[in-house]
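> Quick one, structure for this:
(one chain, ligands or ions: 1)
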Amino acid sequence: MLSAKASCDSHGQDSFYFLGWEEYEKNPYHEVQNPVGIIQMGLAENQLSFDLLESWLGSNSDVLGLKRKGISVFRELALFQDYHGFPAFKNEMVDFMAKLRGYKVAFDPNNLVLTAGSTSANETLMFCLAEPGEAFLLPTPYYPGFDRDLKWRTGVEIVPIHCSSSNDFRITERALEEAYQQAEKLNLKVKGVLVTNPSNPLGSTMTKDELNLLIDFAVTKKVHVVSDEIYSGTVFDSPSFISLTEAVTERSIDETDIWNRIHIVYSLSKDLGLPGFRVGMIYSNNQTVVAAATKMSSFGLVSSQTQYLLSNMLSDKKFTSKYIEENQRRLKRRKEMLVAGLRGAGIGCLNSNAGLFCWVDMRHLLSSDTFEAEKELWKRIIFEVGLNISPGSSCHCSEPGWFRMCFANMSQETLKVAMRRIEAFVEFSSSTAAALDNCNHQRAAGRNSRRSSLPRWILPLSSYDDHEEADRTLTIH
Ligand SMILES: Cc1ncc(COP(=O)(O)O)c(C=O)c1O
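Predicted structure coming up:
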């Protein structure tokens, strides 16, 4: 019944990233109504600074009431808007982006295309820059949504740039070259490289060396670079954020050919915590790309009401300065809480300075160094411990045992519960392992003996029968 396009399975919907969300929806944690439910740690949402936004809205009720100086602008906003967006909003957006980069770079509002979130911005860029069957190189691990956003409707292929824990998953010249050769082997023409800076899922910013490596690569191979900088306002620790635009400008090659092949993606989903508002954008110095993307933006415009509200909010410079600083301070505190909690459970994380998540090293908890073992651990963590975290395999990580854990989409109390659960799980797992070693008895590994010694709060989460049912429906990809 469905078209080949609609039924094409490159969406990635069956990855553990999305399956974890489904499991969470069936049994969501609530501190009073469902204290044994699943805690959502697989969603990169920023709920830490809503009070600041709400307080601004409270003292600017005219804006919420769609009024300007007391006079209604309802009719003006309700009417058809063209796909260029409101000039006032675009001016505020470019100023906000420059502010997040310490005004080291300036952005021209004429080079901005508004889109319904970064999801739409990334897809639009793929439509503009590559034919179906052409490729973009992406460093792994990468945001699981990219399989949907970049590939699904465009027919573009992703070829991984394999990064490894041996250098904190940094991009190397060799890894870039290997990915390029791999694409050639697969007969795929490489049109560009797409990075997230700061990285989702690593939570770290790219170094100047990495950015220069990318620029050199794009110059030599004559390909595009898309830098998804959706987390640029979340950088809460040193080293500070260096945007791709800044790195290019510093090399004084901003007037050369490469300048036309650099494209920035941004959105207010993370920095302002407004994913529901669907505000994203493409920034490109390439007028042909800007014109094509603007035409395509009819499929995902930002509503005029939202533009009106946010242009007013962003024009309050005192507010934005305070917001950025306070939001980063809260994110840093929250991340430290997560890191300390995990450390208490003997679990380490990659050093990070940005984002709404940590990249967590659970390799020592795997029964073997395989993705099969990672899947087993993920299932135990979601069904027995009640935490939905995203396994590295869903981010296309090439090493089993890494997981992404989000920390900004819940209250501090919920995070504490999550940390207590993981600590109990690790303790339980190591005592079970020790018991197994000691008695050296096959039956000790049996289901019944495990069930009887599970911590008390774990039992009501899911029965082993449910667990087995899930086992049948979950397949690894
Ligand atoms: C790197 C990255 N790009 C894009 C998106 C999609 O964001 P938006 O809500 O703006 O569509 C996300 C969301 O998690 C993301 O992490």
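
> which residues touch Ala78?
Ser304 (CB atoms under 8 Å, 6 or more residues apart in numbering). C-betas here are computed from N, CA, C, even on glycine.

> where does this protein come near the ligand, residue by residue?
44, 117-119, 143, 145, 196, 200, 228, 230, 267, 269, 275, 280 (CB under 6 Å from any ligand atom).

> how close does the closest residue to Ser284 other than its chain neighbours get to the ligand?
Closest residue to Ser284 apart from its sequence neighbours, by CB to CB, 6 or more residues apart in numbering: His263 at 4.4 Å. To the ligand, His263 is 13 Å away according to CB to the nearest ligand atom, to the nearest Å.

> go on, Lys222?
Separation of Lys222 from the ligand (CB to the nearest ligand atom) stands at 25 Å.

> For that residue, which residues are in contact?
Lys222 sits next to Arg261 when contact means CB under 8 Å, 6+ apart.

> quick one: the strands in the stretch 51-200 of the chain?
For the stretch 51-200 of the chain, the strands defined by DSSP state E, counting those that start in this stretch occupy 67-68, 71-72, 112-115, 135-139, 157-161, 190-196.

> In TSV: these, plus mean pLDDT.
Putting the strands of the stretch 51-200 of the chain into TSV (pLDDT from 0 to 100) gives the following:
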stretch	mean pLDDT
strand 67-68	92
strand 71-72	94
strand 112-115	97
strand 135-139	98
strand 157-161	97
strand 190-196	98
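
> Out of the ones you listed, which gets nearest to Arg251?
Nearest to Arg251, of all those, is strand 190-196, at 16.9 Å by CB to CB.

> Following that closest one in sequence, what is the next regular element?
Downstream of strand 190-196, the first helix or strand assigned by DSSP states H and E is helix 208-221.

> buried residues in that next one?
Glu210, Leu211, Leu213, Leu214, Ile215, Phe217, Ala218, Val219, Lys221 (16 or more other CB atoms under 10 Å).

> Pull the contacting residues for the second one.
By CB under 8 Å, 6+ apart, the residues touching Leu211 are Asn197, Ile242, Leu244, Ala247.

> Excluding sequence neighbours, find me the nearest residue to the most centrally placed residue in the chain.
Nearest to the geometric centre of the chain sits Asn200, at 4.4 Å (CA atoms, centre = their mean). Of all residues not flanking Asn200 in the chain, Tyr143 sits nearest, at 4.4 Å (CB to CB, 6+ apart).

> Next: Ser394.
Tyr17 (3.9 Å).

> quick one on the thing from earlier: which of the contacts of Leu211 fall within helices?
Using DSSP state H, Leu244, Ala247 are the members of those that sit in helices.

> Domain-wise, how is the chain divided?
4-50+329-473, 61-315 (automatic domain parsing).

> and the last one, how far from the chain's centre?
By that I understand domain 61-315. 13 Å (CA atoms, centre = their mean, to the nearest Å).

> Roughly how far does Gly233 sit from the ligand?
Counting by CB to the nearest ligand atom - Gly233 and the ligand are separated by 13 Å.

> same deal with Thr414?
Thr414 sits at a distance of 20 Å from the ligand (criterion: CB to the nearest ligand atom).

> ok, the closest residue in space to Gln81 that isn't next to it in sequence - contacts?
Spatially, and ignoring its direct neighbours in sequence, Gln81 is nearest to Ser304 (4.8 Å; CB to CB, 6+ apart). Residues in contact with Ser304 (CB under 8 Å, 6+ apart) are Leu77, Ala78, Gln81, Phe86.

> quick revisit: what's around the residue nearest to Asn200, how many residues?
Look at Tyr143: counted by other CB atoms under 10 Å, it has 24 neighbours.

> tell me the contacts of it?
Residues near Tyr143 by CB under 8 Å, 6+ apart: Thr196, Asn200, Pro201, Asp228, Cys395.

> so how far is Leu48 from it?
From Tyr143 across to Leu48, the span is 20 Å (CB to CB, to the nearest Å).

> same thing with Gly344?
22 Å.

> ok, the two, which is more surrounded?
Using other CB under 10 Å, the more surrounded residue of Gly344 and Leu48 is Leu48, with 23 against 13.

> ok, Arg329 to Ile215 distance?
According to CB to CB, Arg329 stands 32 Å off from Ile215.

> Got the phi and psi for the residue nearest to Asn200?
Torsion angles at Tyr143 (phi, psi; degrees, to the nearest 10) stand at phi -50, psi 120.
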